[in-house]
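Visitor: sequence and predicted model, in that order:
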Amino acid sequence: MSLNEISEEIKTCKLCPLHKSRKNTVPGEGSSKAKLMLIGEAPGVEEDEQGRPFVGRAGKILDDALKYANLNRKDLFITSVVKCRPPSNRIPTLQEIKTCNPYLKRQIDMIKPKVICLLGNIALQTFFKKVSISKLRGKAIERDDQTYFCTYHPAAVLYNANLKSKIYEDMMRIRKLIKKS
Ligand code: URA
C-alpha cells in the first residue's frame, strides 16, 4: 500500500454524506518521506475546487508562515482531518471525523513523520480529546513515540491578526524540532 493508493481510495470514498456535496476530495499532498506532517480541519471552497490542501486564503497564510521558517511545502505532507468539504464550511461533525480517521491514520503510518503539527482546535481534539489549544499550543508534546506540535489554524489569522506572529514563531520552533535528529 502506498500513499497514492490511499489517495485513490479517498477519491472514490462514499462512507459519509460529505461525498454528496463535494466537487473533489482533498486527500493531501507532499512527500512520502516528510519529517513534518501538517494536519488541518477540512477543505474549504478553493480546496474543494482544486482537490489540493490549503490553496485558498488560509493556504496563503500557511505558505507565508512556512516560508518564514524556511520550510518547503514539497518536503512536507499537508492534509486535513476530513478529506471532503463540509457544506458552507461548517465544522465537520464527530461522525464525519470518525469515519474519515482511518485514512489519516494510514497516511501517518505510511509517512512516519518525526513531527505532526496540528493546525487548530479540530485537529488538536481529534488527537487530544477535550484539550484546549491555549493549553497545548507552541510546544512539543510526546505521546506513544510520536512528537506532536499544535498551533493555531491559519484561518484564525483572518479573524485575529495578532495570531499571525504566533504561527510564525511556532513554525520556527517546529523547524528546530525536525532539524534536530
Ligand atoms: N483549512 C483546512 O483545514 N484544510 C484545508 O485544506 C484548507 C483550509
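Guide: That came in fine, so what should we check first?
Visitor: next up, phi/psi of the most centrally placed residue in the chain, please.
Guide: Among the residues of the chain, residue 39 comes closest to the average C-alpha position under Cα atoms, centre = their mean, at 1.5 Å. Main-chain dihedrals, residue 39, degrees, to the nearest 10: phi -120, psi 120.
Visitor: from here on, count from 45
Guide: Renumbered: residue one is now 45, and that last one reads residue 83.
Visitor: what bridges to it?
Guide: Going by DSSP bridges, residue 83 is paired in beta bridges with residue 123, residue 162.
Visitor: could you find the closest non-adjacent residue to the residue in the chain that the ligand sits nearest to?
Guide: Minimum separation of the chain from the ligand (Cβ to the nearest ligand atom) falls at residue 84, amounting to 2.5 Å. In short, each C-beta sits where N, CA and C put it, glycine included. Once flanking residues are discounted, residue 84 sits nearest to residue 124: 4.1 Å by Cβ to Cβ, 6 or more residues apart in numbering.
Visitor: residues touching that neighbour, list them.
Guide: Taking Cβ atoms under 8 Å, 6 or more residues apart in numbering as the criterion, residue 124 is in contact with 70, 72, 83, 84, 85, 86, 87, 97, 167.
Visitor: inside helices: which ones of these?
Guide: Among the contacts of residue 124, DSSP state H puts residue 167 in helices.
Visitor: most neighbours among the contacts of residue 124, please name it.
Guide: residue 87 (32 neighbours; other Cβ atoms under 10 Å).
Visitor: what mean pLDDT does stretch 195-210 have?
Guide: In this model, stretch 195-210 has a mean pLDDT of 97.
Visitor: so how far is the helix or strand of the chain with the lowest mean pLDDT off the chain centroid?
Guide: The weakest-scoring helix or strand in the chain, judged by mean pLDDT, DSSP states H and E, is helix 177-180 (a mean of 92). Counting by Cα atoms, centre = their mean, to the nearest Å, helix 177-180 is centred 17 Å from the centre of its parent chain.
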